[in-house]
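In: predicted coordinates and the sequence they were generated for:
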Amino acid sequence: MEPWLRAALDRGGIETDINARWENGHDHHPKSVELFESMIAIDRVHNGSSLDIEIGGDGDYGEMLMFLADIYFEAQDGRRGIK
């Protein structure tokens, strides 16, 4: 793990429990939304939707991956001093 990412997560303030994020209805980071909507569109148009990425469902892999991206982007925001 990158040192800056480890430091951001060790500082606290970022919920890293994916199940807690889902159960508490955490909003997705805008960059996560943009990234996943783009990946879904590219997969659909150029890959025949073979990755079958879905978001917005209960417990699907796309949603879980999106929560991981949220954590990453929130840590990046904290690195830049943006909250």
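Out: Structure's in. What do you need?

In: show me where this structure has its helices.
Out: Using DSSP state H, the helices assigned to the chain run over residues 3-11, 18-23, 30-47, 61-79.

In: for I55, which of the ones you listed is the nearest?
Out: Nearest of those to I55, taken as CB to CB: helix 61-79 at 4.5 Å. For the C-beta atoms, the positions are set from N, CA and C on the backbone; glycine is no exception.

In: helices and strands around the closest one, which ones?
Out: Helix 61-79 sits against helix 3-11, helix 18-23, helix 30-47, with contacts defined as 3 or more CB pairs under 8 Å, 6 or more residues apart in numbering; DSSP states H and E.

In: chain center to the shortest one: distance?
Out: This points to helix 18-23. The chain centre lies 12 Å from the centre of helix 18-23; the measure is CA atoms, centre = their mean, to the nearest Å.

In: ok, and what's touching it?
Out: Helix 18-23 is contacted by residues 15, 59, 63-64, 67-68, 70 when judged by CB atoms under 8 Å, 6 or more residues apart in numbering.

In: residue closest to the middle of the protein?
Out: By CA atoms, centre = their mean, the chain has its centre lying nearest to A69, at 2.3 Å.

In: quick one: that one and G48, what's the gap?
Out: 23 Å (CB to CB, to the nearest Å).

In: if you skip the residues just before and after it, what's nearest to W4?
Out: Counting by CB to CB, 6 or more residues apart in numbering, R79 is the residue found nearest to W4 once chain neighbours are left out, at 5.4 Å.

In: and the one you found, what pLDDT?
Out: pLDDT recorded at R79 is 73.

In: my read is that it contacts A8, right?
Out: Yes: judged on CB atoms under 8 Å, R79 makes contact with A8 at a distance of 5.7 Å.

In: comparing those two, which shows the higher neighbour count?
Out: Using other CB atoms under 10 Å as the criterion, R79 and A8 rank with A8 on top: 20 against 13.

In: enumerate every residue touching the more buried one.
Out: Taking CB under 8 Å, 6+ apart as the test, what A8 contacts is 14, 75-76, 78-79.
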